[in-house]
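Chemist: here is my input, please return the structure:
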Amino acid sequence: MAIKLIRDGVTQVAAEPILEPVAHLDLVFEWIDGQYWLHSDIPRERPIGIEIDRELRRHEEFFKRSSLQKELLAKAIGVKGPARPTVLDLTAGLLGDSLLLLSFGCAVRACERNPVVAFLIQSALARAQHPKIKNFEFTFGDGETNLESLNNIDVIYFDPMFEDANSKTAPRKEMRIFRNVVGPDQDAQEIFRKARKLGPKRLVVKRPRHSVDLGEEPALQFIGKSTRYDVYFSKQIH
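Modeler: Next up, the predicted model:
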């Protein structure tokens with residue numbers, strides 16, 4: 001098995017060091033419109049990539065029509081009036097929540113430890129030109145390591161990989177593929193305990209609506225149709 005890169009019609013075996021830890025996987029990345037996209041495991045499906053500028057513009061258009069105050073994630077991280085916290089996203093993934101947080105007006109630091117996902121993020125960032133991207137900082141590495149420095153961080157956001165809460169519903173393409181590539185976060189409770197011990201002003205954990213807590217009852221919960229946000233405050237804030 002090998003990781004292949006397709007660019008300008010030429011296929012080559014990936015030599016980028018960031019991909020070496022997963023060289024046992026059979027993956028194909030293709031250069032499309034100025035960035036790399038990951039081929040799906042089903043030929044008829046569109047490849048997977050992160051369109052940063054498009055997603056930020058989409059969020060901006062949405063919030064022209066809908067109040068930010070209605071967003072559960074905005075409530076969970078503490079967006080009130082002009083206040084915009086600085087957020088550390090421990091699990092960047094495909095930047096879905098990171099870009100939403102940026103669209104709120106937050107400054108976001110995000111990290112991702114899986115080299116395949118980080119490769120897609122870095123490729124997308126090299127192309128991004130949206131003004132809000134200046135408030136975004138990405139690090140390839142383990143979220144637990146990034147917990148060692150909480151300078152100027154108001155909120156820690158943690159979205160561990162979890163199994164689909166509804167086994168009768170087929171997971172989205174991205175989730176299906178990345179469960180094979182990334183796998184579940186076996187150390188989720190350990191990372192949660194470390195984040196809790198460090199005492200950020202606010203720790204927000206994303207969970208399936210009907211799943212159990214990560215070992216401690218949250219102070220607040222914001223519950224949607226399929227997802228909920230568990231909120232924990234530092235011991236100094238009640």
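Chemist: for the spatially most central residue of the chain, give its distance to residue 104.
Modeler: By C-alpha atoms, centre = their mean, the chain has its centre lying nearest to residue 92, at 2.7 Å. To residue 104, residue 92 is 16 Å away according to C-beta to C-beta, to the nearest Å. Yep, even glycine has a C-beta here, placed from its N, CA and C like the rest.
Chemist: residue 222: neighbour count?
Modeler: If you count neighbours by other C-beta atoms under 10 Å, residue 222 ends up with 18.
Chemist: that one bridge partners, please.
Modeler: residue 229 (DSSP bridges).
Chemist: contacting residues around it?
Modeler: 72, 73, 75, 76, 228, 229, 231 (C-beta atoms under 8 Å, 6 or more residues apart in numbering).
Chemist: and the fourth one, what does it touch?
Modeler: Meaning residue 76. 204, 220, 222, 229, 231.
Chemist: my guess is the second one contacts residue 204. True?
Modeler: I take that to be residue 220. No - look at residue 220 against residue 204 with C-beta atoms under 8 Å: they stay out of range, at 9.3 Å.
Chemist: for these two, indicate the residue with more neighbours.
Modeler: residue 204 (25 against 13).
Chemist: could you look up the SS state of residue 151?
Modeler: coil (DSSP: H, G, I helix; E, B strand; the rest coil).
Chemist: and it, how many neighbours?
Modeler: 6.
Chemist: separation between it and residue 110?
Modeler: 16 Å.
Chemist: equivalent analysis for residue 118, please.
Modeler: 10 Å.
Chemist: okay, these two: which has more neighbours?
Modeler: residue 110 (25 against 19).
Chemist: and the more buried one, which of the three is it?
Modeler: Quick answer, by three-state DSSP: residue 110 is strand.
Chemist: the protein: strands as residue ranges?
Modeler: 3-7, 10-13, 27-32, 35-38, 86-89, 107-112, 136-140, 155-158, 202-208, 220-223, 227-233 (DSSP state E).
Chemist: same list (those) but as TSV, adding mean pLDDT.
Modeler: Supplementary listing: those in TSV, determined by pLDDT from 0 to 100:
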stretch	mean pLDDT
strand 3-7	85
strand 10-13	80
strand 27-32	91
strand 35-38	94
strand 86-89	96
strand 107-112	95
strand 136-140	94
strand 155-158	96
strand 202-208	95
strand 220-223	96
strand 227-233	96
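Chemist: so which of those strands is nearest residue 57?
Modeler: strand 136-140 (15.0 Å; C-beta to C-beta).
Chemist: how about residue 93: what's its closest non-neighbour residue?
Modeler: Distances taken as C-beta to C-beta, 6 or more residues apart in numbering put residue 117 closest to residue 93, at 6.4 Å, once the chain neighbours are dropped.
Chemist: surely the one you found is in contact with residue 91?
Modeler: No - the pair residue 117 / residue 91 is not scored as a contact, 9.5 Å apart, by C-beta under 8 Å.
Chemist: chain center to stretch 193-211, what's the gap?
Modeler: 15 Å (C-alpha atoms, centre = their mean, to the nearest Å).
Chemist: now that stretch: buried residues?
Modeler: 195, 196, 200, 201, 202, 203, 204, 205, 206, 207 (16 or more other C-beta atoms under 10 Å).
Chemist: what's the distance between residue 151 and residue 198?
Modeler: From residue 151 to residue 198 the distance is 12 Å (C-beta to C-beta).
Chemist: now residue 134
Modeler: 27 Å.
Chemist: and for residue 220 and residue 204, which residues touch both?
Modeler: By C-beta under 8 Å, 6+ apart, the residues touching both residue 220 and residue 204 are 76, 230, 231.
Chemist: out of these, which one sits closest to residue 38?
Modeler: Using C-beta to C-beta, those come closest to residue 38 at residue 76, 29.6 Å.
Chemist: good, we can wrap up now.
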